[in-house]
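K.L.:
Show me the folded form of this:
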Amino acid sequence: MDWSSLSGIGIALIGILFGQAIEGGHISSLLQPAAFMIVLCGTFGAVLLQSNAKSFIAGILMVRQVFATPIDDRQAIAKRINAWSTFARKEGIFMLESFLKRETEPFIIKGLRLMIDGTPPDKIREICAIDMHFYEIQQRNAAKIWNAAGGYAPTVGILGAVLGLIHVMENLSDPSRLGGGIAVAFVATIYGVGLANLVFLPISNKLKALIQHEMMRREMLLNAWVSIANGDHPRIVEERLFAYVR
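P.N.:
Modelled structure (predicted):
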């Protein structure tokens, strides 16, 4: 569990609720199911309209990465790369088959297989670069739904406010129903702006950082494969890894 993500949301909510209490307001006045449904459904409806279903579902599922325990395995990968390089130098690149059987990640399996098959270094770079390019496009398209949600939510919140005021105007003859309509109107705006700036946009930025980290990790692997395929000395391969793991 990524406690920094949970703490961020918790601090933001506590600050808002505590501030509301200091001003003498009731926390219960911020709990308006109608306003929440208007903002949430309206926002994700608009996002789904602009996205394809595959990217939308992938983006929703990516939220797990925001709250999952962050894993940085670059040091471990660097050790494996050094082992590949040293073994290939001593036994030959075609003898890396034993290392291939230990891997489970498709990208790493592809790179090792290309080396073992004797693929020229420039072709290894070309093939893996294409794989990385389309992987990044898919990931960024999925993450974009949260950035889009952050853009739509405040406007949908204003729409909820207008709907609440319409409800108020329809019940001017019944003062007992005016308070609820006004509450929905103002709280809808709070939900729209709050969800956009405290949830949707931070999730989008966190996912972008995670995607960038993964691309750097794959770039490290690709450069190592090309270097090994070129027959570079293991010490040179290790020196090139320094920039990625420090």
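
K.L.:
Kindly report the domain assignment for the chain.
P.N.:
Following automatic domain parsing, one gets these domains for the chain: 1-31, 32-245.

K.L.:
And these, which one averages the lowest pLDDT?
P.N.:
Comparing mean pLDDT over these, the weakest stretch is domain 1-31, at a mean of 74.

K.L.:
quick revisit: return the most buried member of the domains of the chain.
P.N.:
Greatest average neighbour count among those goes to domain 32-245 (a mean of 17), per mean count of other C-beta atoms under 10 Å. Just so you know, the C-beta spots here come from the backbone N, C-alpha and C atoms, and that holds for glycine as well.

K.L.:
So the residue lying farthest from the centre of the chain, which state does it fall into?
P.N.:
Here the chain has its C-alpha centre computed as a mean, and the residue farthest from that point, by C-alpha atoms, centre = their mean, is residue 173 with 49.4 Å. Following DSSP: H, G, I helix; E, B strand; the rest coil, we place residue 173 in the coil state.

K.L.:
separation between it and residue 205?
P.N.:
Applying C-beta to C-beta, to the nearest Å, one obtains 48 Å for the distance of residue 173 from residue 205.

K.L.:
and the spatially most central residue of the chain, what does it touch?
P.N.:
Centroid check for the chain by C-alpha atoms, centre = their mean gives residue 207 as the closest residue, at 2.0 Å. Under the criterion of C-beta atoms under 8 Å, 6 or more residues apart in numbering, the neighbours of residue 207 are 62, 65, 66, 142, 143, 146.

K.L.:
Spatially, which two of those are the most separated?
P.N.:
Of all pairs drawn from the contacts of residue 207, the widest gap by C-beta to C-beta lies between 66 and 142 and measures 12.5 Å.

K.L.:
quick one: contacts for residue 13?
P.N.:
When contacts are counted by C-beta under 8 Å, 6+ apart, residue 13 is found next to residue 198.

K.L.:
same thing but at 10 Å, please
P.N.:
Residue 13 makes contacts with 194, 198, 199, as judged by C-beta atoms under 10 Å, 6 or more residues apart in numbering.

K.L.:
Go ahead and confirm the last one touches residue 205.
P.N.:
No - applying C-beta atoms under 10 Å as the test, residue 199 and residue 205 come out as separate, 11.4 Å apart.

K.L.:
Now do the shared contacts for the two.
P.N.:
If you check residue 199 and residue 205 against C-beta under 10 Å, 6+ apart, the residues they both contact are 146, 150.

K.L.:
How about the secondary structure of residue 103?
P.N.:
Recorded secondary structure, residue 103: coil (three-state DSSP).

K.L.:
ok, which stretches of this structure are helices?
P.N.:
Counting by DSSP state H, the chain has these helices, from start to end: 3-22, 33-50, 53-61, 63-67, 74-91, 97-100, 106-116, 121-170, 178-195, 201-229, 234-245.

K.L.:
and the last one with helix 201-229, angle?
P.N.:
Put simply, helix 234-245 runs at 170 degrees to helix 201-229, going by axes from the mean of the first three to the mean of the last three C-alpha atoms, to 10 degrees.

K.L.:
now what about helix 234-245, what contacts it?
P.N.:
The contact list for helix 234-245 (C-beta under 10 Å, 6+ apart) reads 72, 74-79, 81-90, 216-217, 219-221, 223-228, 230, 232-233.
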